[in-house]
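K.L.:
Sequence and predicted structure are below.
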There are 2 protein chains.
Amino acid sequence: MDTVVTYQYYRPASRLTVFAHIFGVIAMILMLVWLLHYREGVDLDSYDPNKIFNVHPLLMFLGVIFLSGEALMAYKTVRAERKVKKSVHLLLHLGAIVLGIVGIHAAFKYHDRRYLRNMYSFHSWIGIGTFCLYILQWVIGLCMYMLPYTRIETRAVNLPWHISGGRAIFYMTIVAALTGLMQKSALMQLPFFSGELILINFLAIFILLFGVTVDISVALARYA
Amino acid sequence: MDTVVTYQYYRPASRLTVFAHIFGVIAMILMLVWLLHYREGVDLDSYDPNKIFNVHPLLMFLGVIFLSGEALMAYKTVRAERKVKKSVHLLLHLGAIVLGIVGIHAAFKYHDRRYLRNMYSFHSWIGIGTFCLYILQWVIGLCMYMLPYTRIETRAVNLPWHISGGRAIFYMTIVAALTGLMQKSALMQLPFFSGELILINFLAIFILLFGVTVDISVALARYA
């Protein structure tokens, strides 16, 4: 009975991982089309403040959403021993943090260039709050599960918190991304049903689909 | 050992449920202050289109977020036999669907009165998509877990899908709410750090905190 159930759950969960990769890559492509074709392009050292701003959505999505989603799925997608899976999980999240720092810097640099106020919208509040929790979760995870001195019982007792907390932070990054995209989309006042608006809408949909498929595929795999 | 672990998880999970209720009530109060004090008030049959619109955020939050969050926690908060818990879970979700239908109707009615296009933003796309999935999940849940002819093995095998899918839909309602609030907030062009903008920001934060604490408290309770 146990084997049957494991098999039944594992199959659809694996298929969902494939969908998650596909949704993530489609979102990445739509993001690049948006920033390079419809917007001014991406350059952190440009004289054009818009090029500086565009670094922000690109790196926040690539880092804190795409890489961290892949980090959540690493225990399923990396075919190696558990120690390697853990290291990939840790390093992907570290990469996300590095890209996130540069991405947040880009937003502040853009505001400075344009003499705009910082931190006035709830996108920025949720974004900064989530990023702080993300780093905190990473540091706690490192101390709890990578350093050798933590007792195995302590690790086991805290694992549900690590998993539930990590998932909540992952969804918070999706919320931060989509509120940011909506803020930009509304402030640009694009014509109804223009090409760029439709593209942004599909970008938002695929970011959300990536988040949902990552969550469900990881959750179902734990039932197996 | 089993008892110890159960106890350790159950305590913080219960406390989180209390926080979830508090965050939900605070969000409800902030929503009412926003709509009744800063905005024009709430009336579906008004001649003022703004009063018609205001029904939308109120009922979508009260129904599809607050009631559905309480429905997710019903298995923990309702102290009765399992059959009663299930009925409360089902009925709260049904209430959410009824309020959601009226709330979505209010948005369309407002657009009609103002001669605005419908369904142009990704808030509306995500909102409608999520609401359809919500109803689908409710109907499948009814057939699978309430009607007597479903085999107990079928119920057990599909429970992880019901739980993971339900949680994903719940987070999607949070995303829909916050993208809608951001769209409204950006289009109103409120002065930086005005009272109303700060209130909206805290409203968004408390809706998100409600979502996260509902999820984590329900998830941790299942480990117990």
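P.N.:
In hand now; what should we look at?
K.L.:
Is any residue of the longest helix belonging to chain A near chain B?
P.N.:
Secondary structure of chain A per DSSP state H: the longest helix is helix A:152-188. Yes. Applying CB under 8 Å from any CB of the partner chain, one finds helix A:152-188 touching chain B at A:157, A:160-161, A:163-165, A:167-168, A:171-172, A:174-175, A:178-179, A:181-183, A:185-187. C-beta coordinates here come from the backbone N, C-alpha and C atoms, glycine included.
K.L.:
Can you select the buried ones from these in ChimeraX?
P.N.:
Here is the ChimeraX command that selects the buried residues among those (16 or more other CB atoms under 10 Å in any protein chain shown):
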select /A:160,161,163,164,165,167,168,171,172,174,175,178,179,181,182,183,185,186
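K.L.:
rewinding a little: quick one: the longest helix of chain A to helix B:152-187, angle?
P.N.:
With axes from the mean of the first three to the mean of the last three CA atoms, to 10 degrees as the basis, helix A:152-188 and helix B:152-187 are set at 40 degrees to each other.
K.L.:
average pLDDT across helix A:152-188?
P.N.:
What helix A:152-188 shows for mean pLDDT is 96.
K.L.:
I'd like to know which elements that helix is packed against.
P.N.:
helix A:49-60, helix A:68-77, helix A:122-145, helix A:195-223, helix B:2-33, helix B:122-141, helix B:152-187, helix B:195-223 (3 or more CB pairs under 8 Å, 6 or more residues apart in numbering or on different chains; DSSP states H and E).
K.L.:
The shortest one close to chain B?
P.N.:
By that I understand helix A:68-77. No. Contact of helix A:68-77 with chain B (CB under 8 Å from any CB) is absent, the minimum separation being 13.4 Å.
K.L.:
Of the helices and strands packed on helix A:152-188, which is nearest A:Ala20?
P.N.:
A:Ala20 sits nearest to helix A:195-223 of all these, at 3.9 Å, using CB to CB.
K.L.:
just to revisit the earlier point, so for B:His89, which of the helices and strands packed on helix A:152-188 sits nearest?
P.N.:
Using CB to CB, these put helix B:122-141 closest to B:His89, at 8.5 Å.
K.L.:
May I have the closest one as CSV, with CA atoms only?
P.N.:
Extracted C-alpha coordinates of helix B:122-141, given in CSV (Å, rounded to 0.1, in the frame of the first residue of the first chain):
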residue,chain,number,x,y,z
PHE,B,122,-3.4,41.4,-14.6
HIS,B,123,-5.2,42.1,-11.3
SER,B,124,-8.5,41.2,-13.0
TRP,B,125,-6.9,38.3,-14.9
ILE,B,126,-5.5,36.8,-11.7
GLY,B,127,-8.6,37.6,-9.7
ILE,B,128,-11.1,36.0,-12.1
GLY,B,129,-8.8,33.0,-12.7
THR,B,130,-8.3,32.5,-8.9
PHE,B,131,-12.0,32.8,-8.3
CYS,B,132,-12.8,30.1,-10.9
LEU,B,133,-10.2,27.8,-9.4
TYR,B,134,-11.7,28.6,-5.9
ILE,B,135,-15.2,27.5,-7.0
LEU,B,136,-13.8,24.4,-8.8
GLN,B,137,-11.9,23.4,-5.7
TRP,B,138,-15.1,23.8,-3.6
VAL,B,139,-17.1,21.6,-6.0
ILE,B,140,-14.4,19.0,-6.1
GLY,B,141,-14.1,19.1,-2.3
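K.L.:
how much does it deviate in direction from helix B:68-77?
P.N.:
40 degrees.
K.L.:
who touches helix B:122-141?
P.N.:
A:178, A:181-182, A:185, A:200-201, A:204-205, A:208, B:60, B:64, B:68, B:90, B:93-94, B:96-97, B:100, B:104, B:107, B:118-119, B:162, B:165-166, B:169, B:172-173, B:175-176, B:179-180, B:183 (CB atoms under 8 Å, 6 or more residues apart in numbering or on different chains).
K.L.:
Rounded mean pLDDT for it, please.
P.N.:
98.
K.L.:
Over to stretch A:68-83?
P.N.:
Rounded mean pLDDT across stretch A:68-83 is 93.
K.L.:
residues in contact with it?
P.N.:
A:13-14, A:17, A:20, A:24, A:84-85, A:88-90, A:92-93, A:96, A:134, A:166-167, A:170, A:173, A:210-211, A:214-215, A:217-218, A:221.
K.L.:
Now A:Tyr223: closest residue in space, sequence neighbours ignored.
P.N.:
Of all residues not flanking A:Tyr223 in the chain, B:Pro160 sits nearest, at 4.4 Å (CB to CB, 6 or more residues apart in numbering or on different chains).
K.L.:
so how far is A:Arg222 from that neighbour?
P.N.:
Remark: distance between B:Pro160 and A:Arg222 (CB to CB, to the nearest Å) = 9 Å.
K.L.:
now do A:Asp43
P.N.:
To A:Arg222, A:Asp43 is 42 Å away according to CB to CB.
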